[in-house]
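1. generate a structure from the sequence data that follows.
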Amino acid sequence: MDDNNNKNLILAMVLSSMVLVVWFLLFPPPEAPVQLDTTELALPETPGAATPGSTAAAEALAGFAESPRLRIDTPALEGSIALVGGRIDDLSLKNYRETIEDGAPIVRLLSPELQADPFYALFGWTPRGSLGQADVPGPDTEWTTASARLAPGHPVTLSWDNGKGLIFTREIAVDEEYMFSVTDSVQNTTGGDVTLAPYGQIRRHGLPQDLKGFFILHEGAISRLDGTLSETSYSNIEDLPEVAGEGNAELVQTSTGGWTGFTDHYWMSILIPQAGPFTAVTRYVPGASVYLAEVRQPDLVVPAGGTASSTNQLFAGAKEWETIRGYQNEPGWFSRLLGERADPDRAPIPGFVESIDWGWFSFLTKPIFAMLHWIHGLIGNMGLAIIALTFVLKLIVLPLAYKSYVSMARMKELQPEMEALKERAGDDRQKLQKEMMQLYRDKKVNPAAGCLPILIQIPIFFSLYKVIFVTIELRHAPFFGWLRDLSAPDPSSLFNLFGLLPWAAPETGSLMHLIFIGILPILLGVSMWLQQKLNPAPADPTQATIFAWMPWVFMFMLGGFASGLVVYWITNNVITFAQQYVIMRSHGHKPDLFGNIRSGFRKKQKALAANSDQAPAAKTPAAKTPAAKGPAKKK
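-> Model (predicted):
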């Protein structure tokens, strides 16, 4: 490899390092979730609210079990509906646990108002005209039902009579996944028309405990209205324009169709109103520290003796790509390629898959994840699926890589002519550059092609990082042995010799863990080092030093990244090594791998020997000679 190739490769590697450093600083690896003491969590500052540790708070928590509730039981969900208020406020996800430890509790998504982290959905009517708030069901209304539990295929009906001629019913249905259907109806038995406006709300009291707060991940309000996706973080919700006279921050948008709600890292709660115009409201109530997403539908006029109804869907569950895509009912290009078609019996939710945060590189992130998901379905192991995906990606970019490696091989063929040019040009750098460019044009060689295989990996690397960090399919996905979660850094550590010594490894995400790296980062450094050794070290000492340090810099930089990403990088290095070896041999340049390794060690030994020889020589006084004493005296 000549000096130009070395410079190109060094430039590419330095740029890659700079990008990774900036990425690492902006998007640090996820820290372990902090377990908060729920007794210290502040409850809403509303009149009559119980304070933590008080008798009223204890009574409220005990009342959760004693108050009438309707059980929810599906293959994916368990929980209950509060008959007081008719709220869906107790929901856990059966298929997901808080940690990878055995016996870890399942993830709880929704919680009642007087428990820790209140997060719930409620539905109702806003009175209009002559009706007052007492004429419609409110938060203290106790609904009645003849049902004992809500399950797929077994909807429940709640009812309440206001005693003034209006009878309210609420039918709640749920499917086998995460979608509720809530139909509110009112029967008017009075002698005149009444006007009401149906609404649905999702309320979150305070910030979620597991809030990541990473720039790479959106957490907060999310909506898609009239085909436009909108994302508002919790901090930006607080900064919304204030409502005059209320002190609440609020954003009001009208739409002819869409959805709105809240999204977390892996979970979300979304309201999807029935077809037709509606108003979407995002609000923050500072006094109670409540974040609210609401859909308000147009006023309904219920004639005497008539009935009116309104339906909202509520998605409350995990952001599973296949499940959400099924609700969207619009297969993507990869799905259509595999022969999948829309379900004619399911009403589509346009753009629902956009609720997953695909990021700026969505044009790469979406197909990469679709391919990874499909491969995982065939193999059944996410780590092996990442390795297989790497082979597929390398196959796609093989034509470009082939041209690059061929260009590098042809550059080596031009080495004698390059040396001749240097001799003719002498110290005339301008003449040398001009003749070199002419030589490249005559031989149809691109000197910059050598860095393309590295540069092309940057967007793929970022897209795969996004896939591994954001998608729930990678959460707690095991590989083999000690790698039980590919979305987390390698938990092994040099600190305890990878488990051989009788003390624990540093906690993942800590500084000690980043210093005492694990097995995967070490394999990454070794694979990069071997890839370098396919070519002799540069003659320039500065270039040689940069090359020597680069693999080990990358090793520590990527040591704190998700282990799935490091698996990809190692596989990519191994494939690149094999490709480059084969292409170089096919052009008559058999790489001297072991010779280059030995040469590197010999240079280090010579440098050390030279330094050791120079040190004492510098301290030895100059030998005294007659000349040193000055001119000799004449006899």
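2. need the contact list for the residue sitting nearest the centre point of the chain.
-> Using C-alpha atoms, centre = their mean, the residue of the chain that lies closest to the mean C-alpha position is V470, 2.2 Å off. Listed by C-beta atoms under 8 Å, 6 or more residues apart in numbering, the contact set of V470 reads 216-217, 265, 356-359. (C-beta placed from N, C-alpha, C; glycine too.)
3. quick one: which of these is nearest to Q209?
-> H265 (11.6 Å; C-beta to C-beta).
4. tell me the pLDDT of the closest one.
-> pLDDT for H265: 94.
5. quick one, what contacts it?
-> 210, 212, 217, 219, 470.
6. of those residues - the most surrounded one?
-> V470 (24 neighbours; other C-beta atoms under 10 Å).
7. now do the phi/psi pair for it.
-> phi -90, psi -40 (degrees, to the nearest 10).
8. which pLDDT value belongs to it?
-> For V470, pLDDT reads 91.
9. also D428?
-> For D428, pLDDT reads 79.
10. how far away is it from I460?
-> 42 Å (C-beta to C-beta, to the nearest Å).
11. so between these two, which is more surrounded?
-> Just comparing D428 and I460: by other C-beta under 10 Å the higher neighbour count belongs to I460, 19 against 11.
12. show me where the stretch 51-200 of the chain has strands.
-> Using DSSP state E, counting those that start in this stretch, the strands assigned to the stretch 51-200 of the chain run over residues 69-73, 77-82, 87-97, 106-110, 119-127, 149-150, 156-161, 166-174, 179-188, 194-205.
13. point out the least confident one among the contacts of V470.
-> I216 (81).
14. where's it relative to Y327, distance?
-> 25 Å.
15. of all the strands of the stretch 51-200 of the chain, which one comes closest to G377?
-> Nearest to G377 among these is strand 87-97; the distance by C-beta to C-beta comes to 16.7 Å.
16. that closest one packs against which elements?
-> The elements that strand 87-97 packs onto, with contact taken as 3 or more C-beta pairs under 8 Å, 6 or more residues apart in numbering; DSSP states H and E, are strand 69-73, strand 77-82, strand 106-110, strand 119-127, strand 307-318.
17. closest one to G247 among those?
-> strand 119-127 (20.6 Å).
18. counting by contacts, list what the closest one packs against.
-> Looks like strand 119-127 contacts strand 87-97, strand 106-110, strand 179-188, strand 194-205, strand 267-273, strand 307-318 (3+ C-beta pairs under 8 Å, 6+ apart).
19. list the contacts of the host helix or strand of I522.
-> I522 is part of helix 519-532, with elements assigned from DSSP states H and E. With C-beta under 8 Å, 6+ apart as the test, helix 519-532 has contacts from 482-483, 490, 492, 498, 547, 550-552, 554-556, 558-559, 563, 566-567, 569-570, 573-574, 576-577, 580, 593.
20. mind running it again at 7 Å?
-> Around helix 519-532, the neighbours that count as contacts under C-beta atoms under 7 Å, 6 or more residues apart in numbering are 490, 492, 498, 547, 551-552, 554-555, 558-559, 563, 566-567, 569-570, 573-574, 576-577.
21. in helices only, show me these.
-> Among the contacts of helix 519-532, DSSP state H puts 547, 551-552, 554-555, 563, 566-567, 569-570, 573-574, 576-577 in helices.
22. now the two most distant members of those.
-> Taking C-beta to C-beta as the measure, those span a maximum distance of 26.6 Å, between F547 and S563.
23. if you count what's nearby, which of the two comes out ahead?
-> Neighbour totals were compared for F547 and S563, and S563 leads with 28 against 21 (other C-beta under 10 Å).
24. quick check: the gap between that one and G257.
-> In terms of C-beta to C-beta, S563 sits 41 Å off from G257.
25. wait, doesn't A318 sit right on Y266?
-> Yes - in this structure, A318 is within contact of Y266 by C-beta atoms under 7 Å, at 6.1 Å.
26. give me the common contacts of those two.
-> Counting by C-beta under 7 Å, 6+ apart, the contacts common to A318 and Y266 are I472.
27. in stretch 421-437, what counts as buried?
-> Neighbour counts over stretch 421-437 (16 or more other C-beta atoms under 10 Å) mark 421, 425, 432, 435-436 as buried.
28. which of those sits closest to K366?
-> M436 (43.0 Å).
29. what helix or strand is the closest one located in?
-> Using DSSP H and E, M436 maps to helix 429-443.
30. circling back to that earlier point, so which of the helices and strands packed on strand 87-97 is nearest L150?
-> L150 lies closest, by C-beta to C-beta, to one member of the helices and strands packed on strand 87-97: strand 69-73, at 4.9 Å.
31. show me what the closest one is packed against.
-> Judged by 3 or more C-beta pairs under 7 Å, 6 or more residues apart in numbering; DSSP states H and E, the packing partners of strand 69-73 are strand 77-82, strand 149-150.
32. neighbouring contacts of the first one?
-> Defining contact as C-beta under 7 Å, 6+ apart, one finds that strand 77-82 is touched by 67, 69-72, 87-94, 110, 112, 150, 172, 178, 317.
33. ok so, going back, closest one to L292 among the helices and strands packed on strand 119-127?
-> Nearest of those (C-beta to C-beta): strand 194-205, 5.2 Å.
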